[in-house]
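1. Pasting a predicted model and its sequence here:
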Amino acid sequence: MVIRQKRRFPRAQVDRPALVRLLQTGPGQVPRDVFTRARVVGPGGCMIESPTALGYLTLADVQIALEDKVVRADSRVVWEHEDHSGHHQVGVEFLRISPGDRATIETMVGCTQRER
């Protein structure tokens with residue numbers, strides 16, 4: 001379902017598996033993978049539900065399994081909220097995404113040329 005709002009990027013509600021590889025996790029730490037669910041996705045970023053906090057401004061490689069393709073983006077965590085069940089809703093901004101992966105997302109959310 002496409003969420004129609006006056007936003008920079010249109011978004012679609014989804015329930016798709018996602019892998020988040022945290023690249024910047026702290027001094028002396030190595031990258032770690034977190035398996036999550038993408039709940040909202042758009043050309044500029046996504047909202048994922050994670051079993052753990054990811055860390056505000058953490059850099060990450062995000063891979064989302066969409067219907068027939070996995071899209072990948074270099075990303076940054078821009079907000080986090082822990083819900084009453086202990087899961088974390090995490091806002092992720094796409095910093096770098098291939099033109100093909102961006103086009104896949106734009107097609108999915110129904111972007112028009114004017115909205116790009």
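-> Sure thing, it's come through.
2. I figured residue 10 hits residue 42, correct?
-> Yes: Residue 10 is in contact with residue 42 according to CB atoms under 8 Å; the separation is 5.8 Å. Using the backbone N, CA and C atoms, a C-beta is placed for each residue, glycine as well.
3. Give me the common contacts of those two.
-> Both residue 10 and residue 42 are contacted by residue 109, under the criterion CB atoms under 8 Å, 6 or more residues apart in numbering.
4. Find me the pLDDT at the most centrally placed residue in the chain, would you?
-> Central residue of the chain (CA atoms, centre = their mean): residue 46, 3.2 Å from the mean position. Note for residue 46: predicted pLDDT of 96.
5. So it: helix, strand or coil?
-> What DSSP: H, G, I helix; E, B strand; the rest coil gives for residue 46 is strand.
6. Spit out the contact partners of it.
-> Residues near residue 46 by CB under 8 Å, 6+ apart: 18, 38-40, 62, 64, 92, 94.
7. Among those residues, which one has the most neighbours?
-> Using other CB atoms under 10 Å as the neighbour criterion, residue 92 leads the contacts of residue 46 with 28 neighbours.
8. Tell me how far it lies from residue 55.
-> 12 Å (CB to CB, to the nearest Å).
9. biggest separation within the contacts of residue 46, which pair?
-> 39 and 94 (15.5 Å; CB to CB).
10. moving C-terminal of the helix or strand bottoming out on mean pLDDT in the chain, what's the next helix or strand?
-> Lowest by mean pLDDT, DSSP states H and E among the helices and strands of the chain is strand 2-3, with a mean of 48. Per DSSP states H and E, the first helix or strand lying C-terminal to strand 2-3 is strand 11-22.
11. Can you check what pLDDT the model gives the nearest residue to residue 83 once chain neighbours are set aside?
-> Sequence neighbours aside, residue 89 is the residue nearest to residue 83 in space, at 6.3 Å (criterion: CB to CB, 6 or more residues apart in numbering). Predicted confidence (pLDDT) at residue 89: the value is 96.
12. Just give me how far stretch 87-104 sits from the chain centre.
-> 4 Å (CA atoms, centre = their mean, to the nearest Å).
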